[in-house]
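*Asks:* got a structure for you, letters missing:
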Ligand code: FPP
C-alpha cells in the first residue's frame with residue numbers, strides 16, 4: 001500500500017500520520033470561508049482576502065489534482081452573496097476573469113477540466129465569457145474536474161429540479177410513481193458528474209460550522225470537516241491533513257460499521 005508520511009508543522013509533538021494514496025476521496029467540496037477575516041486581521045480591505053483566496057484556489061487545485069482527486073467543487077459565489085456591498089460583488093465578479101486569464105495553461109498542463117454549476121446568466125457578460133472560454137479550453141482534459149459553484153444555492157437547485165419534474169409530469173412524460181432519487185439526481189446541477197455527483201468530503205474553512213445552502217441534497221452522506229484556517233491560509237498540507245482525517249472516519253451510509 002502506497003503511503004506518504006505527513007508531519008504536522010503546527011505541533012511537532014503530534015505523532016506523524018500517514019496519507020493513504022489509495023484512499024483519496026473522489027469528490028471533495030469546499031466552502032472557502034474567511035477571506036474577509038483574513039484581510040481584516042491584516043488591516044487590509046476585504047477584497048484583499050478574496051485576491052489571496054484566488055491564489056489558494058490555484059494551489060489547492062494543483063494539489064488535489066496531483067493527489068488523484070476526481071472532482072473538486074468550490075463554492076465561489078452563492079445566490080445569497082448578491083446581498084454584499086456592490087463594490088465587493090463587483091470585485092468577486094472580476095475574479096473568474098483574472099483567475100482563468102492566468103491559470104488556464106496550468107489547468108491544461110495538469111489535465112484539469114473546468115465545469116460550472118449555478119445560474120451564470122446573471123453574471124456580467126465578461127465573466128460569463130471567461131467562464132465559458134475556460135470550459136471550452138479545458139473540455140478535452142480528462143483528469144480532475146474543477147467544478148465552480150457560481151451564483152449557486154442548494155435550495156435554488158432543488159427548486160429548479162422540482163419545477164422540471166413537475167413539468168414532465170404535466171406533459172405526461174413521467175408518472176408521479178416514477179419519481180425516485182435517480183429522477184431527482186438527473187435534474188440537479190451535479191448531473192453531469194454522474195456517479196461522482198455526491199462529495200465524499202466537505203471541508204469548510206475558518207471555523208464556521210454551517211452548510212450555508214451548499215449542495216443540500218448531495219451532502220446527505222458526506223463527511224464534514226470544519227477546519228480553523230481562513231481560506232487564504234489553507235494550503236497543500238491543510239488539504240492533506242483533511243484527507244488524513246477523512247481516512248480515519250468510518251463511513252456507514254446508514255448501515256453498520258462492519259458491513
Ligand atoms: C467567503 O469568505 C468567500 C467568498 C464569498 C468568496 C470566495 C471566493 C474566492 C475564494 C475566490 C474565488 C476564485 C475564483 C477563481 C472564482 P468571506 O468573505 O465570507 O469571509 P468572512 O466570513 O471572513 O467575511
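*Replies:* Nice, I can see it. Just so you know, these numbers come straight off a predicted model, no measurement behind them.

*Asks:* C-alpha from now on. contacts and neighbour counts both.
*Replies:* Noted.

*Asks:* Residue 67 is in contact with residue 24, correct?
*Replies:* Yes: the pair residue 24 and residue 67 qualifies as a contact (CA atoms under 8 Å) at a distance of 7.2 Å.

*Asks:* okay, these two: which has more neighbours?
*Replies:* Ranked by neighbour count (other CA atoms under 10 Å), residue 24 and residue 67 place residue 24 first, with 21 against 17.

*Asks:* which SS class is that one?
*Replies:* Taken by DSSP: H, G, I helix; E, B strand; the rest coil, the conformation at residue 24 corresponds to coil.

*Asks:* Also residue 28?
*Replies:* strand.

*Asks:* Spit out the contact partners of it.
*Replies:* 69, 71, 72, 73, 199, 200, 201, 202, 203 (CA atoms under 8 Å, 6 or more residues apart in numbering).

*Asks:* Could you tell me how far it is located from residue 223?
*Replies:* To residue 223, residue 28 is 10 Å away according to CA to CA, to the nearest Å.

*Asks:* Report the set of residues contacting both of those two.
*Replies:* In contact with both residue 28 and residue 223: 200, 201, 202, using CA under 8 Å, 6+ apart.

*Asks:* Could you list everything the second one pairs with in the sheet?
*Replies:* By that I understand residue 201. Bridge pairing for residue 201 (DSSP bridges) gives the partners residue 28, residue 223.

*Asks:* Number of residues surrounding it?
*Replies:* 22.

*Asks:* for residue 33, same thing?
*Replies:* Neighbours around residue 33, by other CA under 10 Å: 22.

*Asks:* cool, and the one 10 residues further on?
*Replies:* A count of neighbours around residue 43, defined by other CA under 10 Å, yields 10.

*Asks:* Residue 255 now?
*Replies:* Residue 255, neighbours per other CA under 10 Å, totals 8.
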